[in-house]
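[1] After the sequence you'll find the predicted model.
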Amino acid sequence: MTEKKVPLLEVRNVSKDFFGNKVLNDINFTMEEGDVLGLVGENGAGKSTLMKILFGMDVIRETGGYGGEVIINGNVVKFVSSFDALESGIGMVHQEFSLIPGFTATENILLNREPQKYNVISEIFGKRLNTLNRSSMKEKAEDAISKLGVKIDSDMVINRMPVAHKQFTEIARELSKDNMKLLILDEPTDVLTEKEAETLLESIGTVAKRGIAVIFITHRLHEILSVCNKVIVMRDGLIVKDVPAKETNVEEITKWMVGRKVKEQETKRESDPDKSNKTIMSVKNLWVDMPGETVRNVSLDITEGEILGIGGLAGQGKLGIPNGIMGLYEAGGKVILKGKEIPLNSPRQCLDANIAFVSEDRRGVGLLLDETLEWNIAFPAMQIKNKFLKKYGPITWRDEKAIEKVTEKYVEELQIKCTGTKQNAKELSGGNQQKICLAKAFALEPGLLFVSEPTRGIDVGAKALVLDALRRFNREKGVTVVMISSELEELRSVCDRIAIVSGGKISGILPATESSEKFGMLMVSNVR
Amino acid sequence: MGETLISKSTLQKAVQSFGLPRLIIAGFLLSLFITAPFVGSNFFTQLSNTINRFGWNAVLVLAMVPMVHSGCGLNFGLPLGIISGLLGATLSIEMGFTGFASFVMAVVFCTPFALVLGLGYGWLLNKIKGGEMMIATYVGFSSVSFMCMMWLLLPYKSPTMIWGYAGKGLRTTISLEGFYSGVLSNFLAIRTPHMLIPTGAILFFALLAFGMWAFLHTKTGTAMTAVGSNATFARAAGINVDKIRILSVGMSTWLGAVGILVYQQGFGWMQLYMAPFNMALPAVSAILIGGATVNKASIINVVLGTFLFQGIVTMTPTVINNLMMVITGQGLDISEVIRVIASNGMILYALTRKSEVTR
């Protein structure tokens, strides 16, 4: 009976450095069967590195291994690759989906572990020519899905699924492994809407009841409190707090995470007395063909000097609005800026009209990952406004000095953590990359700024800074800001008015002070 | 212990920034230079050969830069530029220009061809984004084949260029003696008994390289680099991506045309028909060995790569051949075989070094 005393997972004195740069220092914790551990910390606190060690990822071994011990069921393990980790019953669901889009849920769940049938050919040529036992596959897949307590069509092809179902499929794949003991979920709710996230949280509870331990990483702190029984807070490579979830609250966790007091976001924003009621832009009957975010018929007036929020559930078309106006996706309708019509489908003309856009797709659209911060910040302003240029005789060259100066200015203003202005953008963490994207737009000195999902995937500290920067930009420079976000509370803390998009149309515009219930009603009013 | 850690990491950084492949090749080249005197080949003659070949080839390698910057990849379609150069050269000779004027006029005549062909080539590459290098290869192949017919059919009259017995059709190789043979290389050339430094050719390359460097520092040049780094980013910043790409292809084609003229003036012969076929791969290899990737290339990459590539290709055959003769005591000349193995080996090695940037 001493067996029972041995914890499922024990991490003892684990440390890790990347070429002399310590990222994990003396990490200790234990988990029992059925525990749900919430792991929180700012970006760069060491969460991902710790998970990579647990999952035996190649990067760890290639960069010189780690110090300390990982003990599973009383045995010290040293994974050479992720396959060893899988064998020991550890499963991981990564932030990005690793599913085959053209396969069904069943096929994805049981990929390479399919139950098989012998046939004539395989009797002669060996097991590799066995046929798949489709009916038993379906049974197994559905069994795994039912463990999650959700309903997914196991015959549906992945690329036709909504995001949430893809996420569930991934988790089901891990659960379908018979020896599964420990499940690591890396920010699984990040891509989900609030409703979907709730379902996922319920499933985590169901899974834990079956005796599987779960490590749950997220930035959404209230999720941790609702589902975990234990919370570990990391900061700068250390575990700063290890407490039962019952004995803490969101404020406390936030404080531990950032190590400094984060100002409670003011829910009410004092309205500007001298705000004019002039319309700066009016959008009429806009349609945008953006995959997954189709806009059908949007008409909207934006008032000069305000911060307008655009919210709504995922996939209802809120992201399509700025992308369509800025000409990044095929669009139609009418957009009038200060009485002049702006042609659609032409990014250049929008930019020339003094509109700037911070895309939700940081890595794809927002950044030159392989170039320096200087280039990233100065490039659009150079191309559109002819800034940071200098004449040498007949030819005009980049003014490297001016570029460095403006970059230094924004690095300081937005507290961007970097080794210098010549660092490549891809080396920064998500939050700091987002700040670069904002700096890029600020450097354009626009009259109207669209910001799409400015806080997606970044931590609490960075979030407060980004929102504060936007607020200041609006107040001090008088720039009209249109902010698109899936987080209603965030919109309510920053915006004057909030438009809710549902089914590709504006279902209503309310002042930010209106109650959450009213916004909620608008969100689901004509969902398709 | 701490200190060794630091010194190790600085050494690692130095190696990383120069690149291990370049270190190995440079080391090999150095060992060839050291071995040369011991096996009976003059060190200065060898060095001089390498520098001369650098002068011939550097502009062709420089032609890779614009397309790499705009994200069109390596210009496997370089023969298209070379054909423009050949058209310019033959026209210049046909019209009776001689000496330095024949070189200037060849550059002038090749320019419209290079621009028109480059425009069409660029338009084509814009239709097949993502598969540029494959299509470029076939553009090169087919243009060479097409011109094989044209060289026979075009009504050239100059007796120095056409087949003597038929009285029509261009010869496969045409001597440039009396025309622009050596016009750059001999300009301000430094001569010693064993050495000839082609100052003029190197200066001409330096001029073009400086022009390229300067262009990449202008607004349009910056846009070109951004297009290659992330085309979506550039589009969102209001850049007309297609236009920039066509511009880069045009520049690359024109540099290819001028590059072959520089090559010919050093070599002393003009080669038609299938000759352009074999010019693209050495240029591609040289820039890759110089440390360029499919999306990034600098002037340093060009200079370093051309020197290393041409150094190996000129040195290996003579040194290894002499070495074999010393060892075996037999006067068997297999330098040509070694040359083919060395140059193709380098091309193969360079192509395995092809790497792309993160997206």
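    Now that the structure is in, tell me what you want to look at.
[2] For chain A, which residues score under the pLDDT cut-off?
    A:1-5, A:18-21, A:43-44, A:258-276, A:526-528 (pLDDT under 70).
[3] For the stretch 101-250 of chain B, what lies in contact range of chain A?
    By Cβ under 8 Å from any Cβ of the partner chain, the residues of the stretch 101-250 of chain B that approach chain A are B:214, B:217-219, B:222-223, B:225-226, B:229-230, B:232-233, B:235-240. Heads up, the C-betas are built off the backbone N, CA and C, glycines and all.
[4] List only those of the residues you listed flagged as buried.
    Listed as buried from those are B:217-219, B:222-223, B:225-226, B:229-230, B:232-233, B:235-240; burial here means 16 or more other Cβ atoms under 10 Å in any protein chain shown.
[5] out of the residues you listed, which are inside helices?
    B:219, B:222, B:223, B:225, B:226, B:229, B:232, B:233, B:235, B:236 (DSSP state H).
[6] now the strands for the stretch 401-528 of chain A?
    With DSSP state E, counting those that start in this stretch as the criterion, the stretch 401-528 of chain A has strands at A:448-452, A:480-484, A:497-502, A:505-511.
[7] in the strand or helix carrying residue B:65, what's buried?
    Assigning secondary structure by DSSP states H and E places residue B:65 in helix B:64-69. Neighbour counts using 16+ other Cβ under 10 Å place B:64, B:65, B:66, B:67, B:68, B:69 of helix B:64-69 among the buried residues.
[8] which ones among those come in contact with chain A?
    Within the buried residues of helix B:64-69, nothing lies near chain A by Cβ under 8 Å from any Cβ.
[9] could you dump those to a markdown table with distance to residue A:71 and pLDDT?
    Shown next, in a markdown table, are those (distance: Cβ to Cβ, whole Å; pLDDT from 0 to 100):
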| residue | distance to residue A:71 | pLDDT |
| --- | --- | --- |
| B:64 | 55 | 93 |
| B:65 | 55 | 94 |
| B:66 | 58 | 94 |
| B:67 | 55 | 93 |
| B:68 | 51 | 91 |
| B:69 | 53 | 92 |
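[10] which regions of chain B sit below the pLDDT cut-off?
    B:1-9, B:331, B:353-359.
[11] mind listing the strands for it?
    Applying DSSP state E to chain B gives strands spanning B:173-175, B:190-191, B:196-197, B:269-271.
[12] Burial check on the residue of the stretch 401-528 of chain A found nearest chain B, number of neighbours?
    Nearest residue of the stretch 401-528 of chain A to chain B, counting by Cβ to the nearest Cβ: residue A:426, 5.8 Å away. Around residue A:426 there are 15 other residues, counting by other Cβ atoms under 10 Å in any protein chain shown.
[13] Would you check that it makes contact with residue A:371?
    No - contact status for residue A:426 versus residue A:371: not in contact, 9.2 Å apart, counting by Cβ atoms under 8 Å.
[14] what's the domain layout of chain A?
    By the assignment in automatic domain parsing, chain A contains the domains A:2-89+A:179-258, A:103-165, A:278-354+A:446-528, A:370-445.
[15] Which one of these lies nearest to residue B:301?
    Distance to residue B:301, taken as Cβ to Cβ, is lowest for domain A:370-445 among these, at 15.2 Å.
[16] what's the straight distance from one end of that closest one to the other?
    Using Cα to Cα, to the nearest Å, the span of domain A:370-445 from its first residue to its last is 25 Å.
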